[in-house]
Every structure is written in structure tokens, then in C-alpha cells.
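Trainee: Based on what follows, work out the 3D shape:
(one chain, ligands or ions: 1)
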Amino acid sequence: MSFLKVSKTKIVNEAGEEVVLRGAGLGGWMTMENFITGFPACEFQAREALAEVLGTDKAEFFFNQFLEHFFADADAAFFKSLGLNCIRIAVNYRHFEDDLNPRVLKPNAFKHLDRAIATCAAHSIYTIIDMHTAPGGQSGGWHADAGTHLGKFWVHKDFQDRFVWLWTQIALRYKDNPWVAGYNVLNEPADPHPACKGLIGVYDRVIRAIREEAGDVRHVVFLDGNTFATDFTKFPERCLERWGENTAFAIHDYAVYGFPAAPGVYERSEEQMKRMKGAYERKRRWMDERGLCVWNGEWGPVYARREYDGEETERINERRYWVLEDQLEIYRKDRLSWSIWLYKDIGFQGMVYVSKSTPYMELFKDFLARKHRLSVDAWGKDDAQVKHIYQPIIDLIRSAVADDAHLKLYPPLWSVEERVTRVSRTILVAEFLVREWAEMFRGFDEERLEELARSLRFENCEKREGLNKALRENAGLV
Ligand SMILES: O[C@@H]1[C@@H](O)[C@H](O[C@@H]2CO[C@@H](O[C@@H]3CO[C@@H](O)[C@H](O)[C@H]3O)[C@H](O)[C@H]2O)OC[C@H]1O
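Mentor: Below is the predicted model of the structure:
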């Protein structure tokens, strides 16, 4: 088995042979997310609410069993059967370190991560450890698990110190493991500083800690661009001299046509395909101009669901598969390494999804329908039923702010409308629903909790055949 490394624009093995990484993100597991498994708001809120309802021990039991079942040997075997070779594992810093006991590794901090890496290795699958959340939140997205729309990671040095400390611990643990392809040190940073000073400084420190303090020089370091892995333009010109040769740069290439808010129906028109390719090329341009290695750490459409989209479901999904296939074709031509989002969920984006007939899905059926109607998850939102309620707030802000320039806050892709969505629905309304979600577990004993957690096992999942077929066929072509 061979460590991977970066050689100019390519990832290669120790023999110098090119290895194109093709895989998926194991999201919703060691970083739980609302749309992936169905709770509202952020992971830390769901965990706290469940501990209030069940008591700490039983809540811990449930979450531990959830982690056991969500990713196991059968998942890795299936993944491998598609010809895929790399899983990006999204981890939440809270598994390793408690906010009230900083810089102390939790007991069993590495239990599930060790197991997942070993399970993947047993099937000859590489893993990339992706720090999906940082103390204080590296963005205002729910997936940063901070419960706020402002990423406080950038303004508290201590959050950054803890983050650097944590990466030292992780690198010390895995530095001799060749099945770990590398470290994706920070998912989707959103540093508001105009010159990206915070992020560059954090990358300087974390790379030094991995390379010098932990002595890990062999693993690839994957660096996301700023603003949700889309912008590299403020990165230092001589970045490899600064960060080392063994560095790859991660874009996230979500195509607008893969989402409900697409600007029109995707017809594969020349213009649409040009737009999609253009957006991808723009994201990677800075690296291409400098001959650097690019990895696409997240991409992929979401899919329509019969329970919400009715008769339209098949028609919509046919087009989402076109988007998927057209993106794959662009990447294939570039011999791009990629990691599609997402391996497993409850039926919106995953390659496999929990079957509706499981106890888990039956328990949450009505709650999920309400969550959808209220549009409390931001990802792929469909706000048709509530948009009118929030419109007056949007209008108020627009009319109250005299200078249009003041309506343009960071990040730029959060328009006034998007900001209102994030703050009022995904943070505020969601906060009120968390307790209700947790109350659904009231009175459950360990047997019932185990039954719920087991629902997430591979054996209890359906496969999104169209997606898996496209991935399998593409894997064979590279
Ligand atoms: O955990 C993941 C999370 O990493 C992911 O974050 C979103 C990624 O997309 C971002 O918007 C895109 C920015 O680039 C433009 O070109 C695209 O059109 C946009 O879609 C978004 O702001 C992030 O929150 O989301 C899914 C989570 O499960």
C-alpha cells in the first residue's frame, strides 16, 4: 500500500503513477446535518435537546448506535463495487474536544473515525479526513454547527488555536496510515476579511502543525478556497513555497441546474452547458494558471421526492441526472479527482437512502413533511409555501437601507433574501422545532433506540440507481 502525494497537477502513488480519486462524501455521520437525517437546526442543538428528553446516557447510547450503523462494512463493500476509490469523511470537532474542556482529547475520540478508516482500507478505499466544523463556526452555514449566521472562528484567536491543536492530534494519530489520502483541513471557509487574511494565517499555522509538530510530511493537504471553496484569488502567489509541494486545492462545484432554484429547466442546451462549464472553470482558474493540483471536494445535484414533488418527480430527476452526467463528462475530460456529495441520507441527495418503511422514517414522516412545508432546511430549499410570509421582512430591509451597497454583505452569494432565509427560518424557526423533534423520542428504551439507529444500516437503505449507475460507468472510463 502506498501513500499518495501531489506531483504538480496530479495525485500520484509512491511509484509515481497517477491516481484519480473518485468518491463521495460521508456527510451526516460524524457531522450530522439537518437535511441528511431529518432533525431541524444544527447537530449540537439536536444532541442537547435529545439529552434533555432522554437523559445523557440514553442520548449518548442513541448517537453511538447511530454512528455504528450509519457506516459499516456493507457500505464500504457497496461503495467499492461501484469502482469508487475514496471516501471523504466529514468530521465535527466536537467529537474530539469539548468546548468546556478545550485541548483535551475526549475518551474514545477516535473510535468511529478509526473504524471507518480501517473499514475502507479493508476494501482498498482511500479516505480523506474533512474537518467540517471548526470551533465558533468557519461559516454561517448550518453545516458549521455553530447555530449562528456569522462565523466566529475568524474573530477569536482561541478558536483558531484549538483548531490547530486538534489537527496536530489527528496528524499524530494517522501520520503512518497510507490509506488516509490526506487532510481536508477546513470545509468551506467563509473568511470575511477582504484579503482573506484570517484563512491564509490559519492555513499557515495548521500546515506547520501537521508537518512540523506532528511530523506528518507524507499526507496530502487539501485546501478549500475561501467563500465555500470557490475563491482562491487572494491566496499567496507562491503558495507551494509557503505551504509545501504536497498541497492540493479543493473547489466545490455545485451546478445551479442541479437545484430547485435553477434559472430555468435544464435542457442540455449549448448555452446551459457552457454556463455550467464556465462556472467550473472559473473556480479552478487560479490553480490552472499556476499549474496546481485541483480536487473537487463537493458537487452533485439534489433530487425530487415523490411525497413533495408528486407527478413531477421523474421528469425533474431525469434532468438532474443530465446535470450529473454532464458534470461527470467535464471532469472525466480533465481527469479530475472528485468527491460527490453525498453517500447516504434520508432521500434528497444520497447514493443510498434510508427506506421509508423503516421505524426511523415512519417515526419522523409527519415531522419531515412539516419541516419541508416550513422550509427550515436551507439546502435545496423549496420555499413555495412560506415565501410570502418572509417577503415583508425582505421588503422592509430593502426599503430601510438607503444605500444599495449596504445591502451587499459577505458572503456575496447570500443576497438579502438568502440572509433572511438563513436567519429567520434555518436558525430561528428551526430552533423552535428542535425540542419537538426530541420529544418524539420521549419514553424510548434502549431497544427502541437501537431499532431506530439500525434503520440507517445499509441493509435498510434503498439505492439511487440512476446516480450509482452514472458513477459506476464513469469510474470505468477513468
Ligand atoms: O455540508 C455540506 C456543505 O459543505 C455544503 O455547503 C454549501 C455548498 O454550496 C454553497 O453554495 C454554492 C456556492 O457556489 C456556487 O457556485 C453554487 O451555485 C452554490 O450552490 C453553499 O453556500 C454552502 O452552504 O452544502 C451541503 C452540506 O450538506
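
Trainee: Asp224 pairs with what?
Mentor: Ala250 (DSSP bridges).

Trainee: per-residue confidence at it?
Mentor: Looking at Asp224, its pLDDT reads 99.

Trainee: number of nearby residues for it?
Mentor: 28 (other CB atoms under 10 Å). Using the backbone N, CA and C atoms, a C-beta is placed for each residue, glycine as well.

Trainee: That one is in contact with Pro189, isn't it?
Mentor: Yes. Applying CB atoms under 8 Å, one finds Asp224 in contact with Pro189, separated by 6.0 Å.

Trainee: What segments of the stretch 101-250 of the chain are strands?
Mentor: Using DSSP state E, counting those that start in this stretch, the strands of the stretch 101-250 of the chain run over 101-105, 126-133, 180-184, 220-224, 247-252.

Trainee: Reformat the ones you listed as JSON lines; add distance to Leu396.
Mentor: Formatted as JSON lines, those follow (distance: least, CB to CB, whole Å):
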{"stretch": "strand 101-105", "distance to Leu396": "40"}
{"stretch": "strand 126-133", "distance to Leu396": "32"}
{"stretch": "strand 180-184", "distance to Leu396": "40"}
{"stretch": "strand 220-224", "distance to Leu396": "35"}
{"stretch": "strand 247-252", "distance to Leu396": "33"}
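
Trainee: Looking at those, which one is packed in the most?
Mentor: Stretch with highest mean neighbour count among the strands of the stretch 101-250 of the chain: strand 180-184 (a mean of 27; mean count of other CB atoms under 10 Å).

Trainee: is the ligand contacted by that one?
Mentor: No. Strand 180-184 does not reach the ligand (CB under 6 Å from any ligand atom); its nearest approach is 10.7 Å.

Trainee: which neighbours does that strand have in its sheet, and in what orientation?
Mentor: Short version: by DSSP bridges, strand 180-184 pairs with strand 126-133 (parallel), strand 220-224 (parallel).

Trainee: what sits up against it?
Mentor: 4, 11, 21, 86, 88, 117, 126-131, 167, 170-171, 174, 210, 219-222, 224, 248, 250, 297 (CB atoms under 8 Å, 6 or more residues apart in numbering).

Trainee: Pull the CA coordinates from it and hand them back as CSV.
Mentor: What follows is strand 180-184 as a C-alpha-only set of coordinates in CSV (Å, rounded to 0.1, in the frame of the first residue of the first chain):
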residue,chain,number,x,y,z
VAL,A,180,-5.6,8.1,4.6
ALA,A,181,-5.1,10.0,1.3
GLY,A,182,-4.9,13.3,3.1
TYR,A,183,-6.4,16.0,5.3
ASN,A,184,-9.0,18.4,4.0
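
Trainee: Off-centre distance for it?
Mentor: Relative to its chain's centre, strand 180-184 lies at 15 Å (CA atoms, centre = their mean, to the nearest Å).

Trainee: That one - what's its average pLDDT?
Mentor: Strand 180-184 shows a mean pLDDT of 98.

Trainee: Same question for stretch 332-339.
Mentor: On average, stretch 332-339 scores 98.

Trainee: still on that earlier bit, for the ligand, find the nearest of the strands paired with strand 180-184.
Mentor: Among the strands paired with strand 180-184, the nearest to the ligand by CB to the nearest ligand atom is strand 126-133 (6.1 Å).

Trainee: Just want the angle from that closest one to strand 247-252.
Mentor: Orientation of strand 126-133 against strand 247-252 (axes from the mean of the first three to the mean of the last three CA atoms, to 10 degrees) gives an angle of 70 degrees.

Trainee: Any chance of CSV for the strands paired with strand 180-184, columns distance to the ligand?
Mentor: Formatted as CSV, the strands paired with strand 180-184 follow (distance: least, CB to the nearest ligand atom, whole Å):
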stretch, distance to the ligand
strand 126-133, 6
strand 220-224, 9
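
Trainee: Contact partners for the residue in the stretch 301-450 of the chain positioned nearest to the ligand?
Mentor: Closest to the ligand within the stretch 301-450 of the chain is Trp379: 5.0 Å, counting by CB to the nearest ligand atom. Applying CB under 8 Å, 6+ apart to Trp379 gives the contacts 33-35, 302, 348-349.

Trainee: The same query, at a cut-off of 7 Å, please.
Mentor: Trp379 makes contacts with Phe35, as judged by CB atoms under 7 Å, 6 or more residues apart in numbering.
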